[in-house]
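Colleague: next input, structure requested:
(one chain, ligands or ions: 2)
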Amino acid sequence: MTTLDFDVDPTTTILGIETSCDETAAAVVTGGLDIRSSVVSSQVDLHARFGGVVPEIASRAHVELLTPVVAEALVEAGVDNGGIDAVAATVGPGLIGSLLVGVSAAKALALVWDVPFIGVNHLEAHFYASFLEDPTLEPPMVVLLVSGGHTMLVRFDDHGRYAVLGSTIDDAAGEAFDKVARYLGLGYPGGPAIDREATKGDPEAIAFPRSMIDSDNLDFSFSGLKTSVINHVRKHPDVRTEDVAASFQAAVVDVLVAKAKRAALEAGAKGLCLGGGVAANSLLRERFLDTCTEIGVHGFLPSRAMCTDNAAMVASAAWFRLRDDGPTSLDAGADPNLGIS
Ligand code: KG4
Ligand code: ZN
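Modeller: Ligands and ions are numbered 1, 2, ... in the order given. The predicted structure is shown next:
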């Protein structure tokens, strides 16, 4: 078989690999939507004492963890080598050393098994997390993708056809959560820590700025908010940490929800989806669904497991890529700054 004349059908089974940041993940998905297995090994404990992901530690850990994670995904799915029709890996954006581990492994497996290789854009993969859990979603949709590395609003017109409507001009929302949590001594990762702390605090205690909420574009900015938090705590050393956490979280969520609402209305979207690690945030989830009800669009929240990095979304995106564009050349490399267009 040559890997270039490959037919995709509902029985096509893809092994997906994700190593763009600090999760080593492998999954087997059939027909783009049927998750046969999904294994995620988080390195969070390895990076916690440094207060953030250390790229060199991440790539070394991927090298050690990837083989057992892939083996577990194959066993759990009940497929042997002959049962995999294509192998996909995240090719960017992400940490270059980490990406290269997954991409090299996926290419090696594709060569050994004589099946196609598919390079997947990590941002695109996050959109497929929604499809995996709600295949009834219909374009045009607007996706609010909020993670440690990205904050963007994307209009999804069809598989492989996207338009970026707005993105952060400085820090990503998750990055702001992580940096503020670190400053407040709440540990790493910061998002879940602030989420927990905020439940005990008053979201109206401190009026932090809602940066760019009224700007005439759909871009975001979170670095000024982070500075406001630091200045406030310096000026009021006795302030209750839970009030700072709750007020900071309310400021981030207000802006995210206001812009997502505007994007959905302007795009005439039928659906509004959340994606990325910050989509696990309790207040964001609640306010997001309220807003969808208010404007009458189909709101969709992936489960918390599907919000964070996993390989099922990579294998799912790969099925649609393979169907529409065919396999990726084995000469293609990883791109740490890959965008979407
Ligand atoms: O998508 P993700 O797993 O990794 C990438 O960045 O690609 O996102 C991780 C980010 C971290 O910044 C983390 O603090 C944030 O998602 N996060 C949260 C919550 N859970 C994770 N942020 C706010 N609230 C949460 N509950
Ligand atoms: Zn991600």
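
Colleague: just the strands from this structure, written as ranges.
Modeller: Under the criterion DSSP state E, strands of the chain are mapped to 13-18, 23-30, 34-42, 86-92, 117-121, 141-146, 151-158, 161-167, 271-275, 298-300.

Colleague: find the closest residue to ligand 2 in the stretch 101-250 of the chain.
Modeller: Using Cβ to the ion, Ser147 is the residue of the stretch 101-250 of the chain that sits closest to ligand 2, at 4.4 Å. All C-beta atoms are positioned from the backbone trio N, CA, C, and that covers glycine.

Colleague: and for the stretch 201-341 of the chain?
Modeller: The stretch 201-341 of the chain approaches ligand 2 most closely through Asp309 (4.4 Å), counting by Cβ to the ion.

Colleague: OK, contacts around the residue of the stretch 51-200 of the chain found nearest ligand 1?
Modeller: Taking Cβ to the nearest ligand atom, ligand 1 has its nearest neighbour within the stretch 51-200 of the chain at Gly191, 2.0 Å off. Residues in contact with Gly191 (Cβ atoms under 8 Å, 6 or more residues apart in numbering) are 174, 177-178, 181, 277-278, 280-281.

Colleague: swap the cut-off to 7 Å and go again
Modeller: Gly191 makes contact with 174, 177-178, 277-278, 280-281 under the criterion Cβ atoms under 7 Å, 6 or more residues apart in numbering.

Colleague: show me what from the stretch 201-341 of the chain comes close to ligand 1.
Modeller: Residues of the stretch 201-341 of the chain lying near ligand 1 by Cβ under 6 Å from any ligand atom: 276-278, 280-281, 308-309.

Colleague: spatially central residue for this structure, please.
Modeller: Taking Cα atoms, centre = their mean, the centroid of the chain lies closest to Gly276, which sits 3.1 Å from it.

Colleague: so that one makes contact with Val146?
Modeller: Yes. With contact defined as Cβ atoms under 7 Å, Gly276 and Val146 form a contacting pair (4.6 Å).

Colleague: tally of neighbours for the residue of the stretch 201-341 of the chain found nearest ligand 1?
Modeller: For the stretch 201-341 of the chain and ligand 1, the shortest gap (Cβ to the nearest ligand atom) falls at Gly277, measuring 2.1 Å. Using other Cβ atoms under 10 Å, Gly277 is surrounded by 27 other residues.

Colleague: switch to numbering from 641
Modeller: That works, and once the first residue is 641, the last one we named lands at Gly917.

Colleague: distance check, it against Gly800.
Modeller: Per Cβ to Cβ, to the nearest Å, Gly917 is found 24 Å from Gly800.

Colleague: sort out which one of the contacts of Gly831 lies nearest Leu706 for me.
Modeller: Lowest distance from Leu706 to the contacts of Gly831 (Cβ to Cβ) belongs to Gly917, with 20.8 Å.

Colleague: what parts of the stretch 691-840 of the chain come near ligand 2?
Modeller: When proximity is defined as Cβ under 5 Å from the ion, the stretch 691-840 of the chain approaches ligand 2 at Ser787.

Colleague: now with 8 Å?
Modeller: For the stretch 691-840 of the chain, the residues in contact with ligand 2 (Cβ under 8 Å from the ion) are 762-763, 765-766, 787-790.

Colleague: beta partners for Leu785?
Modeller: Residues in a beta bridge with Leu785, per DSSP bridges, are Met792, Gly915.

Colleague: that one is in contact with Gly915, isn't it?
Modeller: Yes. Here Leu785 reaches Gly915: they are 4.6 Å apart, a contact under Cβ under 7 Å.

Colleague: any weak-confidence spans in the protein?
Modeller: Counting by pLDDT under 70, the ranges of the chain that qualify are 641-645.

Colleague: give me the neighbour count for the closest residue to Gly939 other than its chain neighbours.
Modeller: Ranked by Cβ to Cβ, 6 or more residues apart in numbering and with sequence neighbours excluded, the top spatial neighbour of Gly939 is Cys932, at 2.8 Å. Using other Cβ under 10 Å, Cys932 has 23 other residues around it.

Colleague: my guess is Cys932 contacts Leu912. True?
Modeller: Yes. The criterion here is Cβ under 7 Å, and Cys932 meets it with Leu912 at 5.3 Å.

Colleague: so what sits against both of the two?
Modeller: What both Cys932 and Leu912 touch, as defined by Cβ under 7 Å, 6+ apart, is the set Gly939.

Colleague: export the strands of the chain as TSV, with columns for distance to Ala746 and mean neighbour count.
Modeller: Formatted as TSV, the strands of the chain follow (distance: least, Cβ to Cβ, whole Å; neighbours: other Cβ atoms under 10 Å):
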stretch	distance to Ala746	mean neighbour count
strand 653-658	5	29
strand 663-670	10	28
strand 674-682	15	19
strand 726-732	4	28
strand 757-761	6	26
strand 781-786	23	27
strand 791-798	25	22
strand 801-807	23	17
strand 911-915	22	26
strand 938-940	29	19
